[in-house]
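J.: Quick one, what's the 3D model for this:
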Amino acid sequence: MLQVSSGWKLDVERGPDWLFVRLHGPPGGDAEGEPLADQLWALLEQHFIHRLVVELDDVPAVRSCLIGQLVLLYKRIHQQGGMLRISGLNEAQRQALRSTRLDERFPCYQTRTDAVMGVATSPVAVRAK
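T.: So this is what the prediction gives:
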C-alpha cells in the first residue's frame, strides 16, 4: 500500500495495458497536500500508461473534492487518448455522480474485470460519452 501526501492510501497494481488503483480515503474524509489527480497522473506517467481503473470499493462516500479530482484526472487522461474507468461504487456513490451529472462521463463498473472489458454485466455500468 502506498501512502501519498494527500492522506490517501493507494493499492497499485499493473496489468497488461492498465493501471489499477484502489483508493482508501484519508482519515476524516478530507484530503490535504498535493491533489489526488496529480498523484494518480504521476503514477500513470511512471508506468508509461494512460488507462486507469480507479477502484472505490473502500471509499465510504464520494465527496465533491474527490469528484473534482476525478474530473481533472479524466481531462488529462482523455487528452492523451487514454481511458479512466471506475469500479466498486455502491448505490449512494452512483447517486452522487448522478447528482453532478457526471454519471455518463465516468464509465462505472461493478468489478475490475468488467471495467477492463468494458462489459456492462450489471446495471452499474453506464455508457461513456
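
J.: Please count neighbours and contacts with C-alpha atoms only from this point.
T.: Will do.

J.: and Q93, which of the three is it?
T.: Following DSSP: H, G, I helix; E, B strand; the rest coil, we place Q93 in the helix state.

J.: who touches it in this structure?
T.: Neighbouring residues of Q93 by CA atoms under 8 Å, 6 or more residues apart in numbering: 61-62.

J.: And the pLDDT at it?
T.: You'll see Q93 listed with a pLDDT of 85.

J.: Could you measure from it over to C108?
T.: 10 Å (CA to CA, to the nearest Å).

J.: now swap in L72 and tell me
T.: 17 Å.

J.: for V54, same thing?
T.: 10 Å.

J.: The two: who's more crowded?
T.: C108 (30 against 23; other CA atoms under 10 Å).

J.: beta partners of the more buried one?
T.: I86 (DSSP bridges).

J.: Can you find the helix or strand in the protein with the smallest mean pLDDT?
T.: strand 2-3 (a mean of 70; mean pLDDT, DSSP states H and E).

J.: what touches both of V54 and C108?
T.: Joint contacts of V54 and C108 (CA under 8 Å, 6+ apart) are 85-87.

J.: quick one: which of these has the most company?
T.: Counting by other CA under 10 Å, top hit in the shared contacts of V54 and C108: I86 with 26 neighbours.

J.: Just to check, it is in contact with F106?
T.: Yes - using CA atoms under 8 Å, I86 is in contact with F106, at 6.7 Å.

J.: quick one: what helix or strand has the residue positioned nearest the centre of the chain in it?
T.: Closest to where the C-alpha atoms of the chain average out (CA atoms, centre = their mean) is V54, at 3.0 Å. Assessed by DSSP states H and E, V54 sits inside strand 51-55.

J.: Run through the bridge partners of the residue nearest to the centre of the chain.
T.: Beta-bridge partners of V54, as defined by DSSP bridges: V21, I86.
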